[in-house]
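# quick one, fold the following:
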Amino acid sequence: MDSSGRSWRQVAAEAEVSDERAMVACYLADLARAGKSMNEAASLLRKGRGEVRTYARDWGLRFTDYQTAPQPLQLIWKKPKRGLWTLEIEGGVIAEAIANGGLGYKARRIGHDWHVGSNAEIAMRRLSAEMERDSLDLFGVDDVVISMQIEGVGRGRLAPTEEPRAHRLQSALAVSQ
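This is a model prediction of the structure:
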């Protein structure tokens, strides 16, 4: 699975991740080096493109049809009034989160099912993760960052979640290549 002479077990130990995660990363690195596309890699692994994209982003992999965008599409949840958050593109609302009485919040893409959460951030995080995963179909781009505007604090990132050890993952895999 890893043609470099180092095993996925060594990558797992150095990156401090599970054997399975290291095995998938090494396999994807080999596919990327062989010139495979992300869609081909997803098909071979029987995983969705979004999951393979997460590996590519976290482990620093480049496929023929995917390279991390230097400037991802930025989407920001804003709170126009109490009990309502909206997510817009080019002035049009594409998603909303509304207070659900004493039951928390619910969030949805316009015309789609609701995601429920005990507060606005949880509901929006669930919906944002789904939208980020399906970003190529929804927005025509792979790299999307979805945040929420927080009064007096700035922005809080909702999706994709950042891998806090991305540098460690990338260096462990780079040594094996």
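
# so where's the chain shaky on pLDDT?
Along the chain, the parts satisfying pLDDT under 70 run over 1-6, 68, 151-154, 175-177.

# those strands in it, which residues are they?
The residue ranges that make up the strands of the chain, judged by DSSP state E, are 73-81, 84-89, 92-99, 105-109, 115-117, 144-150, 154-159.

# buried residues in stretch 9-29?
10-12, 14-15, 17, 21-29 (16 or more other CB atoms under 10 Å). Every C-beta, even on glycine, is put in place using the N, C-alpha and C of the backbone.

# buried ones in stretch 59-76, by neighbour count?
Residues of stretch 59-76 classed as buried under the neighbour-count rule (16+ other CB under 10 Å) are 59, 60, 61, 63, 66, 72, 73, 75.

# returning to that earlier point: the strands of the chain into JSON lines, with extra columns for distance to residue 42?
Shown next, in JSON lines, are these (distance: least, CB to CB, whole Å):
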{"stretch": "strand 73-81", "distance to residue 42": "21"}
{"stretch": "strand 84-89", "distance to residue 42": "26"}
{"stretch": "strand 92-99", "distance to residue 42": "25"}
{"stretch": "strand 105-109", "distance to residue 42": "23"}
{"stretch": "strand 115-117", "distance to residue 42": "24"}
{"stretch": "strand 144-150", "distance to residue 42": "18"}
{"stretch": "strand 154-159", "distance to residue 42": "19"}
